[in-house]
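Novice: how would this look folded up:
(4 chains)
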Protein chains: 2
Amino acid sequence: MAIERRALREQVRDELLTRMRTGAVTPGEGINEVQLAAEIGVSRTPLREALIALETEGQIESESGKGFRFAALSAREFEELAPVISALEGLAIELSPPAKMQKLAARLAKLAAEFDSEVAAHSMIMTRDDEWHGVMLSACPNQRLLSLIATVRQSFHRYESLLVPNEAVMGRVAAEHAAIARCLEDGDIPGAKDALQANWVNGAKRILMQASSTYLTA
Amino acid sequence: MAIERRALREQVRDELLTRMRTGAVTPGEGINEVQLAAEIGVSRTPLREALIALETEGQIESESGKGFRFAALSAREFEELAPVISALEGLAIELSPPAKMQKLAARLAKLAAEFDSEVAAHSMIMTRDDEWHGVMLSACPNQRLLSLIATVRQSFHRYESLLVPNEAVMGRVAAEHAAIARCLEDGDIPGAKDALQANWVNGAKRILMQASSTYLTA
DNA sequence: GCTTGCGGTTTTGTATTCAGTATTCCTAGT
DNA sequence: ACTAGGAATACTGAATACAAAACCGCAAGC
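Specialist: Residues are numbered from 1 along each chain as shown, chains lettered A, B, ... in the order given. Here you go, the predicted structure:
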């Protein structure tokens, strides 16, 4: 086993992300650095470093002198994220070698089918969704694009986790995966892109309608 | 005038960016924190915070224990950036209200024309290019998208600044601006997107061919 | 009654210190 | 001569300390 030594700031970053996704913190909430650092069990320095990293990713906001706060959730941003993700993932598919893509299609279809049957807990859905997209993107050679996608997906997942009922996510994910896999098996890249876009955008709309708007600010 | 008070880390970040763009540092070069901090005139803390922010933007790399280094320039990444930018900016155009877009078209055409005639220094070209794109994107309501574009453009500009002869940039920019403005005046969004994409991708290729590869690693 | 100025307190922003790790350079052994 | 080992050095990563700015409450004045 390759022993791994991760910087503290990375671990803190992950901890913060899970807290944000599990609802352990309320969106928009201000951050008291000493208190939070104590809670996590590190000093302020690595905490601040994690906060700064998350800030440039758009997950945390800050104001000079006022400190950091967890980014507020807004219906507006949620709707903004959908087209961005679909455009980026569509591009990723387009840039992937068609041959490789077609090979992946079978695996994707299988994963999509398994998905349906499985009674999945909320967190499990996310994990599976991430896994599926990981496979789909695994043929894309554009590293920079992949890293961007990862960032944006993080933001989106936060919304899904917090304000979306399980069944809705299930619905979006299942339909999306199946449709895309079908297109990819046929080598129909434009079709896959359309499916992606339709699912993301419509999915976001649908989700917003039934969202328990406890968290949303606007 | 609204008095502005920016955090030190922000100012350091800008300073680092200009150093990277003006070639004051060589790509891939390791960073000595104490030395660089002294040079800039701040302590290590805000410097590190700036470095971390730039790292999540992809402009700086780090390895645990080894510290930070300025991101190396690779032909590969340069080629990777082009399709990402064009996809994002294309999406931005698509999401902008057509009416507003058409209003902007005239201004864009005028700016593009001025551009040609002006004997522009290297830095001036960049400034004008930024300005032009700023106008083009000013009708896009998707904040998240705009912020992503800004980040990616930063990375791209670094390549252009360092390894591209003036005339080549001029060529790309002039052709791109004129073509896009024309399409937008006609309300031809798909055409504008195509023009964008063609210019970015071909431009990148052309630039790479004639690039003084002093800086490039691969 | 509402505003406004002041003192104290809390919290952030930055500097400094400490500890742990990588690197370098020298020495000793083959 | 060349390599392995180890001490010395330098630098990063994290913790702590300090300074400055923002918040809170209260009281005085309009």
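Novice: Please look at residue A:68 and residue A:53 and confirm they touch.
Specialist: No - applying Cβ atoms under 8 Å as the test, residue A:68 and residue A:53 come out as separate, 11.5 Å apart. Every C-beta, even on glycine, is put in place using the N, C-alpha and C of the backbone.
Novice: What ranges does chain A have for its strands?
Specialist: Assigned by DSSP state E, chain A shows strands spanning A:60-63, A:67-70.
Novice: Briefly note if the last one comes near chain B.
Specialist: What that stands for is strand A:67-70. No - if you take Cβ under 8 Å from any Cβ of the partner chain as the test, strand A:67-70 misses chain B, and the best it gets is 10.8 Å.
Novice: Skipping its backbone neighbours, what lies nearest residue A:142 in space?
Specialist: residue B:80 (4.7 Å; Cβ to Cβ, 6 or more residues apart in numbering or on different chains).
Novice: Any idea how many residues pack against the one you found?
Specialist: Residues within reach of residue B:80, counting by other Cβ atoms under 10 Å in any protein chain shown, total 19.
Novice: tell me which residues in the lowest-mean-pLDDT helix or strand in chain A are buried?
Specialist: Here the helix or strand of chain A ranked lowest by mean pLDDT, DSSP states H and E is helix A:166-185, holding a mean of 80. The neighbour-count check on helix A:166-185 (16 or more other Cβ atoms under 10 Å in any protein chain shown) flags A:168-170, A:172-185 as buried.
Novice: Give me the distance between the residue located most distally from the centre of chain A and residue A:49.
Specialist: Relative to the centre of chain A, the most outlying C-alpha is that of residue A:65, 30.3 Å out, by Cα atoms, centre = their mean. Per Cβ to Cβ, to the nearest Å, residue A:65 is found 19 Å from residue A:49.
Novice: again with residue A:138
Specialist: Distance of residue A:138 to residue A:49, given as Cβ to Cβ: 30 Å.
Novice: how does chain A divide into domains?
Specialist: For chain A, automatic domain parsing gives the domain ranges A:8-70, A:75-209.
Novice: which of these has the lowest average pLDDT?
Specialist: Sorting the domains of chain A by mean pLDDT places domain A:75-209 lowest, at a mean of 87.
Novice: Now do that domain: distance to the chain's middle.
Specialist: 10 Å (Cα atoms, centre = their mean, to the nearest Å).
Novice: Near chain B, which residues of chain A are found?
Specialist: Checking chain A against chain B by Cβ under 8 Å from any Cβ, the hits are A:5-7, A:9, A:45, A:48-49, A:52-53, A:55-58, A:64-65, A:77, A:80-81, A:83-84, A:87-88, A:90-91, A:95, A:142-145, A:147-148, A:152, A:155.
Novice: Near DNA strand C, which residues of chain A are found?
Specialist: Within chain A, the positions lying close to DNA strand C (Cβ under 7 Å from any atom of the strand) are A:5, A:30-34, A:44-45, A:48, A:62-68.
Novice: Quick one: neighbours of the residue in chain A that DNA strand C sits nearest to, just the number.
Specialist: Residue of chain A nearest DNA strand C, by Cβ to the nearest atom of the strand: residue A:67 (2.7 Å). Neighbours of residue A:67 under the rule other Cβ under 10 Å: 13.
Novice: With chain B as the reference, measure out to it.
Specialist: Per Cβ to the nearest Cβ, to the nearest Å, residue A:67 is found 11 Å from chain B.
Novice: from what I can see that residue touches residue A:33, true?
Specialist: Yes - counting by Cβ under 8 Å, residue A:67 touches residue A:33, with 6.7 Å between them.
Novice: contacting residues around the nearest residue to residue A:204 once chain neighbours are set aside?
Specialist: For residue A:204, ignoring the flanking residues on the chain, the nearest one in space by Cβ to Cβ, 6+ apart is residue A:82 at 4.0 Å. By Cβ atoms under 8 Å, 6 or more residues apart in numbering or on different chains, residue A:82 lies in contact with A:156, A:200, A:201, A:203, A:204.
Novice: The second one: what's it in contact with?
Specialist: To tie it back to what came earlier, the one meant is residue A:200. Residue A:200 touches A:82, A:83, A:85, A:86, A:176, counting by Cβ under 8 Å, 6+ apart.
Novice: Am I right that the fourth one is in contact with residue A:201?
Specialist: What that stands for is residue A:86. Yes - contact criterion Cβ under 8 Å: residue A:86 and residue A:201 qualify, at 6.7 Å.
Novice: Helices of chain A, start to end?
Specialist: For chain A, the helices defined by DSSP state H cover A:8-22, A:33-40, A:44-57, A:75-95, A:98-117, A:122-137, A:143-163, A:166-185, A:189-209.
Novice: now for the shortest one, which elements pack on it?
Specialist: In this case it means helix A:33-40. Helix A:33-40 sits against helix A:44-57, with contacts defined as 3 or more Cβ pairs under 8 Å, 6 or more residues apart in numbering or on different chains; DSSP states H and E.
Novice: what residues does chain A put near DNA strand D?
Specialist: Neighbours of DNA strand D within chain A, by Cβ under 7 Å from any atom of the strand: A:7, A:8, A:9, A:42, A:43, A:44, A:45, A:46, A:49, A:64, A:65, A:66.
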